[in-house]
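> Would you be able to build a 3D model of this:
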Amino acid sequence: MTFRRFAPGARGVLASLWILLVLLGLGATGCGETGEAHEVWYCPMHPTYVSDRPGACPICNMDLVKREAPKPAPESARVWTCPMHPEVVSDRPGTCPICHMDLVEKESPAAPGGGSGAEPASPGGASHATVEVGAEGLRLAGVRTEPARRERVTRTLRTVGTVVPDERRLRRAQTRIAGWVEKLHVNFEGQYVRKGQPMLSIYSPELLASQQEYLIALANARRFLSSTLPEVRRGGEDLVAAARRRLELYDVPESLIAELERTGEPRRTVDLVAPASGYVVSREVVEGRQVEPGMELYTVADLARVWVEGEFYESEARLLALGQEANLRLAYDPERSFAGRVDYVYPALDPATRTLRVRYDLDNPGLLLKPGMFVDVEQRLEVGEGIVVQDLAVLDTGREQIVFVESAPGRFEPRRVAVLWRGEGRALLAPGAVAEGESVVVKANFLLDSESRLAAALAALGAGAGAAVPAAVPPGHSGHGAEGERP
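Numbers count the residues shown, from 1 in each chain. You can find the predicted model right below:
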């Protein structure tokens, strides 16, 4: 190759031509670009994860969906929010006051995944707003609805009852005189006694003197019978009646008075007899003990009928009433059942357990129900009639209870409801909020709740808010950061 030397002027011209060719090449390269916008793919379940190409979410393995380009909005309608704290919104760029991340621009509510209106769930404020979801968003989120039904709700309460003696069938053996116990005829608890059976023998100087007075009155009355004066004969009869009445008030058995009249000899000891038939559940006396008037010696319980006392929670107290039928089963023999009714509802709660006692009065054939046993109680209750939805459909925010009703295909309206009763997977609503046959969201309503809250916050900001509105910072949530933006 032969090199030639150019004049200085010629070299300047060549340099200018070279620069022109480079600029023309760059222009051609720029004209060859397509000018297409940068594509963004995101996870519907984890909107904070975004990508520039199709794929799967690394968190839940769900297929990413393409985010459509938002329509340009006027500057006054543009909203910025924090990806980590979506409740923080602003009408201008800036940083989150909680975690100090850069705020990102919020897309228009008409984008896939939801839309909103400014309809609050409660009249007093915009805590929730109506949400609109496309068909693809419904499929990906797994939203499912069920119609509200009108039903008569019955409920079965299950609790454990305890068998106790019928207090109306308890009898206490007491003495009305002072003395000493000479002999015990009933000397252990659980012993069965019959009415009139001797239970103990008691020595009482006072009772011995009363017997002697009765014998003297009998002797004088016999002498007065020969008198011709009616007043004298009537006086002798009155003395005998008064002495006999005194023995009867001391609980001296009729058999002992008859024996006293027959033999004419007072007895040193007198037998105290059983006041009723039953089982001795308490014994407070031993041989040789001194007893005083009014002292409880024995307690006898007739167990032909017993009580079963069940305990119910405070919230269930309003549903209990006299006469309600119940089914009771023995814990050790579930095949054996007893039909009972609520005999009494106690007027006060147990302050220790916060439960209400309910009593059932039952026959006790064969002494199957023994005091102290546990009994399984199934109490059927009529809760009432009204609109019933699945328990999962009700979202409890603390201040109010919300359900989402599909008022139109893809349009979900938040309704504030009052739950009268919930249990067994169902919830009975107060009338007025939801009508029979309306479709209520029973699955994925938490996703709708988050979108509804955010839409309500954005609507409130558009109505006059001018700065970022921070929420209370939960412990351990400050200083977080993540890439991407919330769709």
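
> Can you show me the helices along the stretch 301-450 of the chain?
Per DSSP state H, counting those that start in this stretch, the stretch 301-450 of the chain carries helices over the ranges 445-462.

> nope, the stretch 101-250 of the chain is what I was after
135-141, 205-224, 230-249.

> Please export the alpha-carbon coordinates of the second one; CSV is fine.
I take that to be helix 205-224. Listed next in CSV are the C-alpha coordinates belonging to helix 205-224 (Å, rounded to 0.1, in the frame of the first residue of the first chain):
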residue,chain,number,x,y,z
PRO,A,205,-81.5,-35.8,131.5
GLU,A,206,-84.1,-33.3,130.2
LEU,A,207,-85.8,-35.9,128.2
LEU,A,208,-85.8,-38.4,131.0
ALA,A,209,-87.5,-35.8,133.3
SER,A,210,-90.1,-35.2,130.6
GLN,A,211,-90.9,-38.9,130.6
GLN,A,212,-91.4,-39.0,134.3
GLU,A,213,-93.6,-35.9,134.2
TYR,A,214,-95.8,-37.7,131.6
LEU,A,215,-96.1,-40.8,133.8
ILE,A,216,-97.1,-38.7,136.8
ALA,A,217,-99.7,-36.9,134.7
LEU,A,218,-101.1,-40.2,133.5
ALA,A,219,-101.4,-41.4,137.1
ASN,A,220,-103.1,-38.2,138.3
ALA,A,221,-105.5,-38.4,135.4
ARG,A,222,-106.6,-41.9,136.3
ARG,A,223,-107.3,-40.7,139.9
PHE,A,224,-109.3,-37.7,138.7
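
> I'd like to check the angle between that helix and helix 230-249, please.
With axes from the mean of the first three to the mean of the last three CA atoms, to 10 degrees defining the directions, helix 205-224 sits at 160 degrees from helix 230-249.

> for the helices of the stretch 101-250 of the chain, which one sits closest to P293?
Closest of the helices of the stretch 101-250 of the chain to P293 is helix 205-224, at 9.8 Å (criterion: CB to CB). (C-beta placed from N, C-alpha, C; glycine too.)

> which residues touch the closest one?
177-179, 232-233, 235-237, 239-240, 242-244, 246-247, 250, 252, 257, 260-261, 264, 266-268, 270 (CB atoms under 8 Å, 6 or more residues apart in numbering).

> Please spell out the PyMOL selection for the buried subset of those residues.
In PyMOL syntax, the buried subset of the contacts of helix 205-224 is picked out as below (16 or more other CB atoms under 10 Å):
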select buried, resi 177+179+236+239+240+243+244+246+247+250+252+260+266+267+270
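
> Could you pull out the strands in the stretch 301-450 of the chain for me?
With DSSP state E, counting those that start in this stretch, the ranges of strands along the stretch 301-450 of the chain come out as 305-313, 325-330, 337-350, 355-363, 374-390, 395-396, 401-408, 411-417, 419-423, 426-429, 439-443.

> Adding mean neighbour count, write those strands out as TSV.
Below are the strands of the stretch 301-450 of the chain laid out as TSV (neighbours: other CB atoms under 10 Å):
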stretch	mean neighbour count
strand 305-313	20
strand 325-330	17
strand 337-350	14
strand 355-363	19
strand 374-390	18
strand 395-396	15
strand 401-408	20
strand 411-417	21
strand 419-423	16
strand 426-429	21
strand 439-443	20
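
> These: lowest mean pLDDT?
Note on these: lowest mean pLDDT is at strand 419-423, with a mean of 82.

> Taking strand 374-390 as reference, get the angle to that strand.
130 degrees.

> Can you list the helices and strands that strand 419-423 packs against?
For strand 419-423, the elements it packs on are strand 149-165, strand 374-390, strand 426-429, judged by 3 or more CB pairs under 8 Å, 6 or more residues apart in numbering; DSSP states H and E.

> Adding distance to E436 as columns, could you present the ones you listed in CSV?
Supplementary listing: the helices and strands packed on strand 419-423 in CSV, determined by distance: least, CB to CB, whole Å:
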stretch, distance to E436
strand 149-165, 5
strand 374-390, 6
strand 426-429, 11
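
> Please identify which of those is closest to I59.
That would be, of these and by CB to CB, strand 374-390, which comes in at 28.1 Å.

> List the contacts of T81.
V88, V89, S90, L103, V104, K106, L454, R486.

> Tell me which of the residues you listed fall in strands.
V89, S90, V104, K106 (DSSP state E).

> Can you tell me which of those is nearest A326?
Set against A326, the nearest of those by CB to CB is V89 (56.0 Å).

> Any idea what the closest one is bridged to?
Following DSSP bridges, V89 is listed with bridge partners T81.

> do you know how far it is from L356?
Going from V89 to L356 by CB to CB, to the nearest Å gives 49 Å.

> possible to save the strands of the stretch 301-450 of the chain as TSV with distance to R223?
Converted to TSV, those look like this (distance: least, CB to CB, whole Å):
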stretch	distance to R223
strand 305-313	54
strand 325-330	67
strand 337-350	60
strand 355-363	58
strand 374-390	67
strand 395-396	94
strand 401-408	94
strand 411-417	95
strand 419-423	84
strand 426-429	87
strand 439-443	101
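
> what's the closest of those strands to P47?
Closest approach to P47 among the strands of the stretch 301-450 of the chain (CB to CB): strand 411-417, 18.2 Å.

> Show residues contacting that closest one.
Residues from elsewhere that reach strand 411-417 (CB under 8 Å, 6+ apart): 119-122, 128-133, 143, 394, 400-407, 429-430, 433-434, 441, 448-449, 452.

> hmm, try it at 7 Å
The contact list for strand 411-417 (CB atoms under 7 Å, 6 or more residues apart in numbering) reads 119, 121-122, 128, 130-133, 394, 400-407, 429-430, 433-434, 441, 448, 452.

> Show me how far that strand is from its chain's centre.
Its chain's C-alpha centre and that of strand 411-417 lie 26 Å apart, by CA atoms, centre = their mean, to the nearest Å.

> One more: stretch 310-317?
For stretch 310-317, the distance to the chain centre is 9 Å (CA atoms, centre = their mean).

> What of stretch 171-180?
Offset of stretch 171-180 from its chain centre (CA atoms, centre = their mean): 50 Å.

> For that stretch, list the C-alpha coordinates in CSV.
Extracted C-alpha coordinates of stretch 171-180, given in CSV (Å, rounded to 0.1, in the frame of the first residue of the first chain):
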residue,chain,number,x,y,z
ARG,A,171,-83.4,-34.2,104.9
ARG,A,172,-81.3,-33.4,107.9
ALA,A,173,-81.5,-35.4,111.2
GLN,A,174,-81.2,-33.1,114.2
THR,A,175,-81.9,-33.2,117.9
ARG,A,176,-83.9,-30.6,119.8
ILE,A,177,-82.5,-31.5,123.2
ALA,A,178,-79.1,-31.6,124.8
GLY,A,179,-77.5,-34.9,125.6
TRP,A,180,-74.9,-37.5,124.8
